[in-house]
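>>> Below is the sequence, then the predicted model.
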Amino acid sequence: MGNSGSSSLPPLQAVSNCDTARFMGTWFVIGVKPTAFETTCSNAVERYSWLQDSKKNDIKIDFQYNNKDPIVSPLKSMPQKGWIQGDDKSNSGLWKVSPFPPIKMPYLIIEVDDTNYDYCVIGYPNRAYCWIMSRTPQMKDELYEELTKRLQEKHQYDLKGLRRVPQQWTKDERTKRGLEKEIPDQMLLTNQ
């Protein structure tokens, strides 16, 4: 799943402030430099829950996606665990995430909308992976282009392999996945 070892690039920097409580909730994966599990995914959704009193891990992550084409391909689920790094677990952009034991991958929140928490970008130290996420399944092209520009210029990412994740939703699929609050009617396919 990548190597976080040395490189000629400077260390990737997490944001200095990320309000953990505000980060929680549903995120739609809009763009990805994918891991092996995400090369063909669509309708990728991550739900974050803060387990403040847990002795094991800090964050529960429910990651679900269609394996290939939206709606018609099999729905996959990859529950994950997260650990907030640093002294203040209520405000940190530096996490570790485990897709399965014993793996714990660095999870750096490198961009976040600190006003409304409407978008974020997650980075990986060697820049092999990244995730552009939004609170809704659609992101304005201008914002997506701005975030990819920041990935290149600010974070020194090579965007080779970055792919837009198809997000196509019907009313039935929205209901089946329990996303009625997150996906407004105007973002649903109209001919379904």
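Yep, that arrived.
>>> Could you list the buried residues of stretch 84-104?
Going by neighbour count (16 or more other CB atoms under 10 Å), the buried part of stretch 84-104 is 84-85, 91-99. From N, CA and C alone the C-beta is placed, and that goes for glycine too.
>>> ok, longest helix in the chain?
helix 141-153 (DSSP state H).
>>> Can you name the next helix or strand after that helix?
Downstream of helix 141-153, the first helix or strand assigned by DSSP states H and E is strand 163-164.
>>> next helix or strand past that following strand?
helix 171-176.
>>> Can you give the contact residues for that following helix?
Residues from elsewhere that reach helix 171-176, judged by CB atoms under 8 Å, 6 or more residues apart in numbering: 43, 70-71, 180, 183, 185, 188, 192.
>>> ok, now with 10 Å
Here helix 171-176 makes contact (CB atoms under 10 Å, 6 or more residues apart in numbering) with 43, 66, 70-72, 75, 137, 169-170, 179-185, 187-189, 192.
>>> so for the longest helix of the chain, what's the average pLDDT?
Average pLDDT, helix 141-153: 98.
>>> and if you look at stretch 100-112?
Mean predicted confidence for stretch 100-112 is 95.
>>> Just checking the distance from that stretch to the centre of its chain.
Centre-to-centre, stretch 100-112 and its host chain are 10 Å apart (CA atoms, centre = their mean, to the nearest Å).
>>> likewise stretch 175-192?
That offset, for stretch 175-192, works out to 20 Å (CA atoms, centre = their mean).
>>> I'd like the numbering to begin with 46 instead of 1 from here.
Understood, numbering begins at 46; the last thing we discussed is stretch 220-237.
>>> my guess is Leu224 contacts Arg180, does it?
No - using CB atoms under 10 Å, Leu224 is not in contact with Arg180, being 11.2 Å away.
>>> And for Met69, the neighbour number?
Under the neighbour criterion other CB atoms under 10 Å, Met69 is assigned a count of 15.
>>> so who does it touch?
92-95, 104-105, 162.
>>> just Leu204 next, same as before
By CB under 10 Å, 6+ apart, the residues touching Leu204 are 76, 78, 172, 175, 193-194, 196-197.
>>> Buried only: go through those residues for me.
Applying 16+ other CB under 10 Å to those flags 76, 78, 172, 175, 193, 196 as buried.
>>> Roughly how far does the nearest residue to the fifth one once chain neighbours are set aside sit from Glu190?
If you skip the residues right next to it in sequence, Thr193 has Leu204 as its closest partner in space, 6.1 Å away by CB to CB, 6 or more residues apart in numbering. Separation of Leu204 from Glu190 (CB to CB, to the nearest Å) stands at 11 Å.
>>> now Asn102
35 Å.
>>> Of the two, which one has the most company?
Comparing Asn102 with Glu190 by other CB under 10 Å, the one with more neighbours is Asn102, at 17 against 11.
>>> Cheers, nothing more for now.
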